[in-house]
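1. Return a 3D structure for these sequence lines:
(one chain, ligands or ions: 1)
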Amino acid sequence: MNPATLERVTRGFAERFGGEPTAAAWAPGRVNLIGEHTDYSGGFVLPMAIERGIAAVARSAVGESRVLAVDTGETRPLDPLAFAPVGGWLGYAGGVLVLLARRSGRPGALEVAFGGDLPIGAGLSSSAALEGAVSLAAGRVMGVELSPAERAALCRRGEHEYAGVPCGIMDQAIVCSAVAGHALLIDCRDASMSPVPIPDDAAVVVMNTGVRHDLASGEYARRRRASAAAAAALGVESLRDIDEEGLAGRAGGLSEDLARCVRHVVGENARARRAARALGEGDLGLVGSLMNLSHDSLRDDFRVSCAELDTLVEAARGVPGVYGARMTGAGFGGCAIALARPEAVAALAGAVACEYRRRHGRRAEVFVSGACGPAGMVDL
Ligand code: GLA
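-> Modelled structure (predicted):
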């Protein structure tokens, strides 16, 4: 955690609410190396937590509960016993506070502030980081201690019920259970996790399009429904139950749209497992090729990429020393990632920025991140 983030959030808290908070926590964002749009079908994902994240501070209060978003200066009152679903950050924070209040059985009023250095709405899991940090800081004040798996489940439930986002478990799981220096291969059927070390000669480069297309949330829910419909049409509980061999004889009766959906999910599950093995063996060339295939499948079959992401990915792939590149997260904007030799990063950043400006007239933010540890309490 960057100490300046916590300082800023604590100062914001003091300026708005007066006095000092009594609990503080920090949670990382994440990139997903591979295994995209598979988690809600019980499949495999390979995310790693990044060094940017969100800090939250909290204190019990008298009267009504209030939440402050330090980065925008917005403060909202909220009643944890009568909180209605709402979009945006208030839904993420509020959902967690309501579920914690119910769990604690003695919900008193609370003041909470949060802020961070993670780009918001950029596909780096700012929502799960916000949920993770708020749940830790507020949970401490309310006397609710949770295991990482319980915390991830609570945060995800809050997101479903109060922010209206039908997400899978990947983001909350990596935020709560990340292992420093490692990616985690998560089997989303039973949430079991295997840490895979990131080799020293691999740099994970994040490239932010700076755009988010409006259709993102509706299209996410539509992909989720299509995956469930395809599973039902194939007579299985979820697409996880089909592998590449099993698919060969079965996809015939599906509509073109569902067939594409199945092809992506089944292929992506296989790629994620292969990539985890290759990463563990230090075969970065193979990991990169699998990332490239993943992007192409998300672009052509699952159709969740966009022109801006494709530009970043293509520009990155053209740079010597880059093993592979793909979009990361839900898509329709947000971020792409590249896996590269550390000495190739400067050339990569230059090439990507130049091509992005030429084609889209915008600045692409590019940064490198190591694999960070999980969300946790921090000293004030
Ligand atoms: C978002 C969701 C995750 C996952 C990804 C796509 O990040 O929150 O659960 O479905 O999209 O892989």
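2. give me the element the residue of the stretch 251-380 of the chain found nearest the ligand is part of.
-> Ranked by CB to the nearest ligand atom, the top residue of the stretch 251-380 of the chain for proximity to the ligand is Ala330, at 3.5 Å. To be clear about C-beta, it is placed using only N, CA and C from the backbone, and glycine gets the same treatment. Under DSSP states H and E, no helix or strand contains Ala330.
3. Name the nearest residue to it, ignoring sequence neighbours.
-> In this structure, Ala330 finds its nearest non-sequential neighbour in Tyr220, 5.3 Å apart by CB to CB, 6 or more residues apart in numbering.
4. on that earlier part again, make sure the residue of the stretch 251-380 of the chain closest to the ligand is actually in contact with Ser125.
-> No: the criterion here is CB atoms under 8 Å, and Ala330 misses it with Ser125 at 9.9 Å.
5. Would you confirm that Leu348 contacts Ala336?
-> No: assessed by CB under 8 Å, Leu348 is found out of contact with Ala336, at 11.5 Å.
6. So which elements touch the helix or strand of the chain with the lowest mean pLDDT?
-> Lowest on mean pLDDT, DSSP states H and E among the helices and strands of the chain sits helix 244-248, with a mean of 83. Other helices and strands packing on helix 244-248, by 3 or more CB pairs under 8 Å, 6 or more residues apart in numbering; DSSP states H and E, are helix 256-280.
7. for the record, mean pLDDT for the helix it packs on?
-> Taken as a whole, helix 256-280 has an average pLDDT of 97.
8. ok and the next helix or strand after that helix relative to helix 256-280, angle-wise?
-> The C-terminal neighbour of helix 256-280 among helices and strands, as given by DSSP H and E, is helix 284-300. Between helix 284-300 and helix 256-280, the angle comes out at 160 degrees (axes from the mean of the first three to the mean of the last three CA atoms, to 10 degrees).
9. how deep is Arg300 tucked in, by neighbour count?
-> Quick fix: residue 300 reads Asp, not Arg. Using other CB atoms under 10 Å, Asp300 is surrounded by 12 other residues.
10. one step back: for Ala330 and Ser125, indicate the residue with more neighbours.
-> Higher neighbour count among Ala330 and Ser125: Ser125, with 31 against 23, using other CB under 10 Å.
11. close enough to count as contact, that one and Val45?
-> No: using CB under 8 Å, Ser125 makes no contact with Val45, being 11.9 Å away.
12. Show me the beta-bridge partners of the closest residue to Phe114 other than its chain neighbours.
-> Using CB to CB, 6+ apart and skipping the chain neighbours, the partner closest in space to Phe114 is Ala56 (4.1 Å). On the basis of DSSP bridges, Ala56 is bridged to Ala25, Phe114.
13. Would you agree Gly370 falls within a strand?
-> No: Gly370 is assigned coil when assessed by DSSP: H, G, I helix; E, B strand; the rest coil, not a strand.
14. ok, now how distant is the nearest residue to it once chain neighbours are set aside from Ala113?
-> The shortest distance from Gly370 to any non-neighbouring residue, by CB to CB, 6+ apart, is to Glu51 (5.9 Å). With distances taken as CB to CB, to the nearest Å, Glu51 is found 21 Å from Ala113.
15. My understanding was that Val304 contacts Gly334; is that so?
-> No: the pair Val304 and Gly334 fails to qualify as a contact (CB under 8 Å) at a distance of 10.1 Å.
16. and the two? which has more neighbours close in?
-> Using other CB under 10 Å as the criterion, Val304 and Gly334 rank with Gly334 on top: 24 against 21.
17. So which bits of the stretch 201-350 of the chain are right by the ligand?
-> Residues of the stretch 201-350 of the chain lying close to the ligand (CB under 6 Å from any ligand atom) are Gly329, Ala330.
18. Next, the buried residues of stretch 168-187.
-> Applying a neighbour-count criterion of 16 or more other CB atoms under 10 Å, one finds 168-179, 182-187 buried in stretch 168-187.
19. Which residues are in contact with Ala58?
-> 21-24, 110-113, 134, 137-138, 140-141 (CB atoms under 8 Å, 6 or more residues apart in numbering).
20. now do Ala61
-> Applying CB under 8 Å, 6+ apart, the residues contacting Ala61 are Phe17, Gly108, Ala109, Leu110, Glu111.
21. For those residues, pick the one with the most neighbours.
-> Glu111 (26 neighbours).
22. Surely that one is within a strand?
-> Yes: according to three-state DSSP, Glu111 belongs to a strand.
23. Next one: it relative to the ligand, how far apart?
-> Note on Glu111: its distance to the ligand, by CB to the nearest ligand atom, to the nearest Å, is 28 Å.
24. Low-confidence ranges, this structure, go.
-> Residue ranges of the chain with pLDDT under 70: 214-216, 251.
25. Geometric centre of it: which residue is closest?
-> When CA atoms, centre = their mean is applied to the chain, the residue found nearest the centroid is Ser125 (3.1 Å).
26. Tell me who's in contact with it.
-> Contacts of Ser125 by CB under 8 Å, 6+ apart are Gly29, Arg30, Leu118, Asp171, Ile174, Val175, Gly329.
27. For the stretch 51-200 of the chain, what lies in contact range of the ligand?
-> So the stretch 51-200 of the chain meets the ligand at Cys167, Gly168, Met170, Asp171 (CB under 6 Å from any ligand atom).
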